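> Sequence and computational prediction follow.
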Amino acid sequence: MNQLSIRDQTIPFEVRRSSSYRRITLSILEDRLRISAPKNVSAKQLKELLLAKEEWVLKHWLEKQDSAKCPVRYIDGEHFLYRGNSVELEIIRHPRQMVRVVLRGQVLEVYLPQDLQDKDCASSVKAAVLIWYKAQARSVLMDKLEKQAKRMQVTFQTFRLKEQKTRWGSCSSKGNLNLNWRIIMAPDAAIDYIIIHELAHLTHLNHSEKFWQRVAEFMPEYAHWIKWFKDHGQELMK
């Protein structure tokens, strides 16, 4: 793999080329920089772009490395994202044997059995929170899908929740939609962008100019949310 040296940082990078790409984009992944470019872009142009974007690459690479060093802890007072808002985790012991999760305002309450051993607490909280997130995602995303599909006058076949490291959604030629459940942590408008993007593929199964025109028809500010996911997407992956 190629490497990029910026100050004291060595950053691995890969180049992906496709005739479907309309412009050059940079993506900071967990272990490398990805450069997506149209096939007709020369190596010289890529080199000039990387030189011009050094500060941006370095800033977001360091942020990515820092976030990897600070895994989420499932303890009292930890904060999570839900629909663009920060919610605080509160663990509550109760006499029942069931584990329950309730969102009250900006507090995510997790009820645990009183007799649950402390060593099992964090794993139980994590499992309960993830189940809660996915349940919320299934309900909220389906509601948004149905509303946007009606607005765009398209019909999708099936909808499934996925967890992918580098994709927020996908649409098959058969009209089957997959959405990353973690987008439920993003602001509602960001979620709407992903849904409109995937539903637009029911009309144009590519990223042609006509595809982006259709996205813009239903979300004129789509470029803002593309940038938002590039800048903040890693925050949703913790």
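Cool, got the structure. Residues are numbered from 1 along each chain as shown.
> and residue 220, what is it in contact with?
Counting by CB atoms under 8 Å, 6 or more residues apart in numbering, residue 220 touches no other residue. In this view, the C-beta of every residue, glycine as well, is placed from N, C-alpha and C.
> Against which helices or strands is the helix ranked longest in the chain packed?
In the chain, assigned by DSSP state H, the helix with the most residues is helix 121-152. The contact analysis (3 or more CB pairs under 8 Å, 6 or more residues apart in numbering; DSSP states H and E) places helix 121-152 against strand 79-82, strand 85-94, strand 100-104, strand 107-113, strand 159-162, strand 177-180, helix 188-200, helix 209-218.
> and it with helix 188-200, angle?
60 degrees (axes from the mean of the first three to the mean of the last three CA atoms, to 10 degrees).
> remind me which residues of the chain are low pLDDT?
Along the chain, the model assigns pLDDT under 70 to residues 67-70.
> The residue nearest to residue 114 when sequence neighbours are not counted: neighbour count?
Distance criterion CB to CB, 6 or more residues apart in numbering; nearest residue to residue 114, sequence neighbours excluded, is residue 93 at 4.7 Å. For residue 93, the neighbour count with other CB atoms under 10 Å is 11.
> now swap in residue 141 and tell me
Using other CB under 10 Å, residue 141 has 22 other residues around it.
> just residue 188 next, same as before
Residue 188 has 13 nearby residues by other CB under 10 Å.
> which residues sit in contact with residue 103?
If you count contacts by CB under 8 Å, 6+ apart, then residue 103 has 82, 87, 109 around it.
> Need the helices and strands packed on helix 121-152 in CSV (columns: distance to residue 62).
Compiled in CSV, those are given as follows (distance: least, CB to CB, whole Å):
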stretch, distance to residue 62
strand 79-82, 21
strand 85-94, 22
strand 100-104, 33
strand 107-113, 29
strand 159-162, 29
strand 177-180, 25
helix 188-200, 24
helix 209-218, 31
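> So among the contacts of residue 103, which ones count as buried?
In those, burial by neighbour count holds for 82, 87, counting by 16 or more other CB atoms under 10 Å.
> In JSON lines: the contacts of residue 103, plus distance to residue 191.
Listed next are the contacts of residue 103 as JSON lines, based on distance: CB to CB, whole Å:
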{"residue": "82", "distance to residue 191": "11"}
{"residue": "87", "distance to residue 191": "16"}
{"residue": "109", "distance to residue 191": "24"}
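> which residues touch residue 58?
Listed by CB under 8 Å, 6+ apart, the contact partners of residue 58 are 6-7, 9, 11.
> Correct me if wrong, but it is in a helix.
Yes: assessed by DSSP: H, G, I helix; E, B strand; the rest coil, residue 58 belongs to a helix.
> From residue 9, how far off is it?
As judged by CB to CB, to the nearest Å, residue 58 and residue 9 stand 6 Å apart.
> Buried only: go through the contacts of residue 58 for me.
Buried members of the contacts of residue 58, scored by 16+ other CB under 10 Å, are 6, 11.
> In strands only, show me the contacts of residue 58.
Judged by DSSP state E, the contacts of residue 58 include 6, 9, 11 as members of strands.
> could you dump the residues you listed to TSV with distance to residue 181?
Listed next are the ones in strands among the contacts of residue 58 as TSV, based on distance: CB to CB, whole Å:
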residue	distance to residue 181
6	34
9	32
11	29
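> May I see the buried residues of the longest helix of the chain?
Neighbour count says helix 121-152 has 121, 124-125, 128-129, 132-133, 136-138, 140-141, 144-145, 148-149, 152 buried, by 16+ other CB under 10 Å.
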